[in-house]
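Undergrad: Quick one, fold the following:
(chains A and B)
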Amino acid sequence: MILDIAHYLSILSTAIFMLTFTLVLILDRSVSHSTLLIKRSYSHAFLLFLISFLLYVYLALTDNFSVSYIAQHSNSLLPNFYKVTSIWSAHEGSMFLWIIFLSLWGFIFNLSTDRDLKVKNLSIGIISIIIVGFQLFLLITSNPFEVVLPFAPENGADINPVLQDPALAIHPPTLYLGYVGFVIPFAYALAFLINKDQSIEWEKKVKSWSVMAWVFLTIGISLGSWWAYYELGWGGYWFWDPVENVALMPWLAATAFLHSLSVASKSNVLRIWTLLLSIIVFSLSLFGAFIVRSGIIDSIHSFANDPQRGMYLLAFIAVILFVSLGLFASRLNMFESSKNIKALSKESFISLNNIFFGVLIFSTMMGITYPLIYELIYDQKISVGAPFYNAIYAPITILATMILVISIDSRWGRTIDTGRSFNMLYISLAMGLIGLSLIRYFVGDMSFIIMISFLMGLIIIFRYLILVIKNILEKKYINTPSVIAHTGLGLLILSISANSILSSEKVFNMKPNEVRKFENIRIEFNDLELLNNSNHDSIKATFALDHNGKSFYLSPEKRKYFARGQITSETAIKIMPIRDIYLTIGEQLEGGQWVVNVQLNYFIRFIWLSAAMMAFSGLLIISNIIRRKS
Amino acid sequence: MKLLLKIIIFIIPLIIFSFFYLYLSKDNSYPGADYKKFDLPAFELQSLYDENFISNNLLDGTYLVNVWASWCITCRVEHGFLTELSNNNINIVGLNYKDNRDDAIEWLVKYGNPYEVVIHDLKGSLALDMGVTGAPETFLITDQRVIAHYRGEINNMIWNDVFLPVIKERGLVIDAK
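TA: Model (predicted):
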């Protein structure tokens, strides 16, 4: 009964979103009473859809296993928290959530006020038709409301145990919020193009929306990296998995987009490029959904293989992309050729770095598609892995950071004052070189590319430090978000370099009460106990570690989940400022020994800290915008 | 300039979309499966654990050859299923592919060893002769002939749909030692 209501509400909501789109098409978009009608129509469609989702959450909480999806992915033994998160543990439910978020962004945007009624109403229409496309996809090819006939099973098949984790509860939602958030700048850019009024400053209006989506995307990607580190036991932070790459591409494009937005809103150049970027960012977000949900690529993230879904998504994304590109191309003449950008001005540096972002996105796209193209032509599978991406990302990032450090202190529309600014650069270069020689002294020999990375990371941080000190002394304005985000980038480069050369691991075979030493850490296998939990049994090993006179305990586990019989290992991590001690237990060997894996992961916390700094800088930008408005 | 921009923005996505279209429309539920039959190539390679050579003549009956490496993340994913097969008395020969010997041994210690024997194919020469393109891949071999081959991670579904039909069709007994 409740299931039917939820199902009907979803269908009804699709119809009302369609109605909203039709209203936008037929009504006079410039008057306020039709605006009110469009606004109400959208809000009703969204609220019905939201109620439908909440009912679905209720069904999951009450173990309604007559719903096929819930029966396949939940279980009555699960804690309530995971009954809810099991909704987004597979394709249908996560698509449901994805569309909820898509319409939620539109809903909040819908409530905001905008003097340019025409553009606002057009944007709402564009958002509505995109939602309709995805709702039809959900209801036709991947219906979460399907029932099990004729009898409901007594219990569900359980959520995949590696997904039973607090980080997973928030990682997909945050990532989705980031992906779909770019629908606002996309729709607004299209509306701006349709409306043909060049004087509207769409770049200023979409800035806070775009920054917010970027913040979610940044946090979502970092959470995924963190989850893979401690829950999957991969022991690292990034694996160039295809699905990590499809999240990275929109992030890179969005970062380029945010930089171009600030250029376009301040100096009226790069407007065409910014419009194109808004289309690229949203298309890449949709492309991510396509890759994960079409089963084209095997990965830990991919959902079940279903070519029909892939075809629908491919066709729908193609329509969105080509219609928007067609509109873009037909409106190119609307802009007079922009005046030349002054050499060595702030906009010239940002344009240059846009090219580097473009190269990274294009190469990543090649890395994902090349194996598929190769397979089509030669009927053989090849894999493109970390060596390819490292070979491209390392030099391009280094080049981009060089442009970045030169560009600090540059001005809008004016050539940089090379004398003053370059003096600062030389000082930071000298400090960087001193820092690098200290690192080399303590760490030992390293490869050329790592040395350059260390140097660039140090120069960025020193250069911004000098900038802040100088501007405080001279009582000048400091662009705090920019300083924080770029210092975060410097820290990211430093910590990735340090992590790659310092981290080490060792495998021991140990019996209880045995002692081993690894570097300066004494590891004693204390105890082994069997625990029974609500949905799994586990073997918990306890180790006493002694490190520089400090002692502490670590307890990695091996778990066996009842419903699927799957065995997982739980890592135990001692978090320290400089390095993590990362412990996992493996198989039991003959003779009572256990395989114990000890990893020392250096500076891994700083990698996430730098991502957090970037996200925080985004929040600062938004709070500044809000403060300026009120 | 604007014309060039127009052409580029249409051509790049068009190419990408058409490849995805072609890829999706290939009528194949298991793109990794391959039933080409061929003789097991003659080889003589060292065992992973000692200096002894293993040659094709030493391997009899029906068994699986699993291509793996310690650097391969998907191999870790598939490892649990291989262990399950091995516990059900199915013979699996490991073909350690382009891997450092110490890393490979350490990997097997860490995750457990589901293989009867492990061949150390440092240069990938046997793998090349068998048409291996990467790790993991799995071959079903009977009487010195390859009769089924799967590229990518094998799991229960792949086992039931790709390998078991061939085994049943031929009436093979795979768990005989």
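Undergrad: Give me the pLDDT for residue A:479.
TA: pLDDT recorded at residue A:479 is 90.
Undergrad: and it, how many neighbours?
TA: Neighbour count for residue A:479, taken as other CB atoms under 10 Å in any protein chain shown: 15. For the C-beta atoms, the positions are set from N, CA and C on the backbone; glycine is no exception.
Undergrad: Not counting sequence-adjacent ones, nearest residue to residue A:539?
TA: Nearest non-adjacent residue to residue A:539, counting by CB to CB, 6 or more residues apart in numbering or on different chains: residue A:558, 4.9 Å away.
Undergrad: Now do the one you found against residue A:160, distance only.
TA: 17 Å (CB to CB, to the nearest Å).
Undergrad: Of those two, which one has the most company?
TA: Remark: of residue A:558 and residue A:160, residue A:558 carries more neighbours, 19 against 16, as counted by other CB under 10 Å.
Undergrad: Could you look up the SS state of that one?
TA: Using DSSP: H, G, I helix; E, B strand; the rest coil, the structure places residue A:558 in strand.
Undergrad: I figured it hits residue A:570, correct?
TA: Yes: using CB atoms under 8 Å, residue A:558 makes contact with residue A:570 at a distance of 7.4 Å.
Undergrad: tell me the contacts of the residue nearest to residue A:539?
TA: When contacts are counted by CB atoms under 8 Å, 6 or more residues apart in numbering or on different chains, residue A:558 touches A:538-539, A:567-570, A:585.
Undergrad: Dump those to JSON lines, plus secondary structure.
TA: Formatted as JSON lines, these follow (three-state DSSP):
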{"residue": "A:538", "secondary structure": "strand"}
{"residue": "A:539", "secondary structure": "strand"}
{"residue": "A:567", "secondary structure": "strand"}
{"residue": "A:568", "secondary structure": "strand"}
{"residue": "A:569", "secondary structure": "strand"}
{"residue": "A:570", "secondary structure": "strand"}
{"residue": "A:585", "secondary structure": "strand"}
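Undergrad: Put the buried members of those into a PyMOL selection.
TA: For the buried members of these, the matching PyMOL selection, counting by 16 or more other CB atoms under 10 Å in any protein chain shown, is:
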select buried, chain A and resi 538+539+568+569+570+585
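Undergrad: re the thing from before, mind listing the shared neighbours of residue A:558 and residue A:570?
TA: residue A:538.
Undergrad: number of nearby residues for residue A:326?
TA: Using other CB under 10 Å: residue A:326 sits among 13 other residues.
Undergrad: how about it, phi and psi?
TA: Here is the backbone geometry of residue A:326 (degrees, to the nearest 10): phi -60, psi -50.
Undergrad: That one: what's it in contact with?
TA: So residue A:326 contacts nothing (CB under 8 Å, 6+ apart).
Undergrad: Over to residue B:130?
TA: B:40-41, B:65, B:139, B:146.
Undergrad: Residues of chain B that sit close to chain A?
TA: Applying CB under 8 Å from any CB of the partner chain, we find that chain B lies next to chain A at B:2, B:5-6, B:9-10, B:13, B:16-17, B:19-26, B:29, B:31-32, B:73-74, B:77, B:80, B:106, B:109-112, B:131, B:133-134, B:151-153.
Undergrad: try it again with 7 Å
TA: Taking CB under 7 Å from any CB of the partner chain as the contact definition, chain B meets chain A at B:2, B:6, B:9-10, B:13, B:16-17, B:19-24, B:32, B:73, B:80, B:106, B:109-112, B:133-134, B:151-153.
Undergrad: Please convert the buried members of these into ChimeraX selection syntax.
TA: Command for ChimeraX that selects the buried part of the residues of chain B next to chain A, burial taken from 16+ other CB under 10 Å:
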select /B:6,9,13,16,17,19,20,23,24,32,73,106,109,110,111,112,133,134,151,152,153
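Undergrad: Many thanks, have a good one.
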